[in-house]
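> prediction below, plus the sequence it came from.
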Amino acid sequence: TDALVRGDFYASFGPEIHELWVEDNQVHVTCSPAKRVICSFPDRRCLIVNSKDGQPVEEAVFTVDASDIYFRITVVDEKDRCADTNAYFTDEVL
């Protein structure tokens, strides 16, 4: 329950999020092999890193602006199973 109170958890139907950190207004994510990694914002805007040439995505970097209010990361594997982070509010992490 301590992890729930701190917000140190994520929901997953299979993919794993290994690391997530913010540095210099960039969100860095490492994960299990994925078809895509998505960074979503409150205005329905998304930044997406897709696999290329059959090579899965295992890390992604997204630039986030303080005006975005919050962002959320989604990892999608080859079976279309998702892992989703909590929302991270930019005024707390940038």
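Good, I have the coordinates.

> now do the contacts for residue 90.
The neighbourhood of residue 90, defined by C-beta atoms under 8 Å, 6 or more residues apart in numbering, consists of 64, 65, 66, 67, 68, 69, 70, 71. (C-beta placed from N, C-alpha, C; glycine too.)

> filter those residues down to the buried ones, PyMOL style.
Applying 16 or more other C-beta atoms under 10 Å to the contacts of residue 90, the buried members can be selected in PyMOL as follows:
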select buried, resi 64+68+70+71
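
> restricted to helices, list the contacts of residue 90.
Using DSSP state H, no member of the contacts of residue 90 sits in helices.

> just the ones of the contacts of residue 90 in strands?
Of these, the ones assigned to strands by DSSP state E are 70, 71.

> please identify which of the contacts of residue 90 is nearest to residue 26.
In terms of C-beta to C-beta, no member of those lies closer to residue 26 than residue 64, at 7.0 Å.

> thought the closest one was touching residue 39?
Yes - between residue 64 and residue 39 there is a contact under C-beta atoms under 8 Å: 7.2 Å.

> so for those two, which residues contact both of them?
27, 71.
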